[in-house]
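In: Just need the structure, nothing else, for what follows:
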Amino acid sequence: MLHRVEGIVLRSMDYGEGNKIITLYTREMGKVSVMARGAKKVKSRLGAVTQLFTFGEYVFYKSGQMGTLNNGELLKSFNKLREDLYKSAYSAYLVELIDRMSSEEDASAYLFEQLKAGLEAIDEDKDMAIVAHLLEMKLLGSAGYSPELEACVSCGSITPRMLFSARLGGVICSSCSYKDQQAIAMSDATWKLLRLFKRLDLRRLGAIDVKQSTKDELKSCMRTYMDTHVGIRFKSRSFLEQMEKYDI
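Out: Coordinates of the predicted model:
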């Protein structure tokens, strides 16, 4: 069957002497893999549309597990995301989040738009860490792991100083802090942003200026929560951590 879809390239792998296998995340069909024959050749009409992060319109034939790419039209190349080390690293994390946390052909027009908006935000020089946390929160919600952030997950109360408990599944009040000795102390600004992340559509993200101390708390909360409830070792996140460690 012939399909025409809009898609974003999540993975691009060389295959044989002149071919590529690409994994697309599409609005209409979710995640699909297609063979792009001759895409590695210098003059190939498929070369530009098979690069990582590319947003395009793709026409492919699919009868089994893998399709064959017939044609592609470039809608946005996202060249800057491949040319800048930090942008490339964060963009790789965004696409790996979608790739690892979605099933084959499990379509979600909403998540497609969130990924596209996230790549556009990084392309437009918006805060990359904030963009990544926003997409993490969207995927947690989609998978049914969204944290409870409005009131204490244990007793339902709200106190001046709330803590974040990945193990208990959300925020806890100071009176319940004994239930999780590993709970993370956080500022009111961090708590406010975490709640905002659940509501904010990435397509509406404007200019945002977050203090480094708040960003550090956000990172600690989100990474601990992802590790506890998702349990996937993301290669791109490991690379980001190495960059942070050695201040690359």
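
In: which residue is nearest the middle of this structure?
Out: residue 94 (3.0 Å; Cα atoms, centre = their mean).

In: ok, that one to residue 101 distance?
Out: Residue 94 sits 11 Å away from residue 101, going by Cβ to Cβ, to the nearest Å. The C-beta positions use only the backbone N, C-alpha and C, and glycine is treated the same way.

In: next one: residue 9
Out: In terms of Cβ to Cβ, residue 9 sits 17 Å off from residue 101.

In: could you point out which element follows the stretch of helix or strand residue 116 belongs to?
Out: Assigned by DSSP states H and E, residue 116 falls within helix 109-123. Next helix or strand after helix 109-123 toward the C-terminus (DSSP H and E): helix 128-143.

In: Which neighbouring elements make contact with that next one?
Out: Here helix 128-143 touches helix 85-101, helix 109-123, helix 188-199, helix 212-229, going by 3 or more Cβ pairs under 8 Å, 6 or more residues apart in numbering; DSSP states H and E.

In: average pLDDT for the longest one?
Out: Which is helix 212-229. Taken as a whole, helix 212-229 has a mean pLDDT of 97.

In: List the contacts of that helix.
Out: For helix 212-229, the external contacting residues (Cβ atoms under 8 Å, 6 or more residues apart in numbering) are 129-130, 133, 136-137, 140, 145, 147, 164, 166-167, 169, 184, 186-187, 189-190, 193-194, 210, 232, 237.

In: mind running it again at 7 Å?
Out: 129, 133, 136, 145, 147, 164, 166-167, 184, 186-187, 189-190, 193-194 (Cβ atoms under 7 Å, 6 or more residues apart in numbering).

In: Just the buried ones from the residues you listed, in PyMOL syntax?
Out: Listed next is the PyMOL selection for buried residues among the contacts of helix 212-229, using 16 or more other Cβ atoms under 10 Å:
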select buried, resi 129+133+136+145+147+164+166+184+186+190+193+194
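
In: And the contacts of helix 212-229, which is closest to residue 245?
Out: residue 129 (15.0 Å; Cβ to Cβ).

In: Which secondary structure element of the protein has the lowest mean pLDDT?
Out: Here the helix or strand of the chain ranked lowest by mean pLDDT, DSSP states H and E is helix 235-246, holding a mean of 89.

In: and that one, C-alpha only, in PDB?
Out: Only the C-alpha atoms of helix 235-246 are listed here, as PDB (Å, rounded to 0.1, in the frame of the first residue of the first chain):
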ATOM      1  CA  LYS A 235      22.300   7.000  25.100                       C
ATOM      2  CA  SER A 236      21.800  10.600  24.200                       C
ATOM      3  CA  ARG A 237      21.200  11.600  27.800                       C
ATOM      4  CA  SER A 238      24.400   9.800  28.800                       C
ATOM      5  CA  PHE A 239      26.200  11.900  26.300                       C
ATOM      6  CA  LEU A 240      24.600  15.100  27.600                       C
ATOM      7  CA  GLU A 241      25.700  14.100  31.100                       C
ATOM      8  CA  GLN A 242      29.300  13.600  29.900                       C
ATOM      9  CA  MET A 243      29.200  17.100  28.300                       C
ATOM     10  CA  GLU A 244      28.000  18.600  31.600                       C
ATOM     11  CA  LYS A 245      30.500  16.700  33.600                       C
ATOM     12  CA  TYR A 246      33.500  17.800  31.500                       C
END
